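**Q** Compute the structure for the input listed below.
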Amino acid sequence: MRSILIASLLAAATTVVPSLTRPTPTFETEVGIQPTFQAHYPYQWGDPGTFTCSMTVSEWKDHRFRLINTISDLTVAPGEFRLKTVHGSDCDIQFSVRIDRNGQRAKTSVTITRDDEIIDHQLTSVWLGKPTDKAPKR
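**A** Residues are numbered from 1 along each chain as shown. Reported below is the predicted structural model:
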């Protein structure tokens, strides 16, 4: 009876282990959040001020990183949640940003899918500091 139990556990364990023949991709994900008045485009001042969020994803392939996709124009106000998806030739990237209502903390999520399978996911939490309601004077 004990040998049957051990054999069934080993069989279950071998079905859970992923195949090692499929290469695991390596990604570099860069996320940026800055007050919109410091960004180049779009210029949107609000009360309270908005933040321009960006994301770049590169994949390690053939001994170098190659750019997969980028998002550079996601504008988010304090207390808001924004989501943007870009579709590439071989993968889809979903970028979401939530900024707390005080404009002091941002949480981002980058999810990369290929053939409806999640192949990379990154969560980031950033302290934005003291919020500013106005653009700097020139």
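**Q** Heading C-terminal from the helix or strand of the chain with the lowest mean pLDDT, find the next helix or strand.
**A** Among the helical and strand segments of the chain, the one scoring lowest on mean pLDDT, DSSP states H and E is helix 2-16, with a mean of 42. Per DSSP states H and E, the first helix or strand lying C-terminal to helix 2-16 is strand 26-35.
**Q** can you pull out the strands in this structure?
**A** Taking DSSP state E as the test, the strands found in the chain are 26-35, 51-61, 64-76, 81-87, 92-99, 105-114, 117-127.
**Q** okay, the angle between the first one and strand 105-114?
**A** This points to strand 26-35. Strand 26-35 and strand 105-114 are oriented at 150 degrees to each other (axes from the mean of the first three to the mean of the last three Cα atoms, to 10 degrees).
**Q** Check which residues of strand 26-35 are buried.
**A** F27, T29, V31, I33, P35 (16 or more other Cβ atoms under 10 Å). Bear in mind the C-beta positions are built from the backbone N, C-alpha and C, glycine included.
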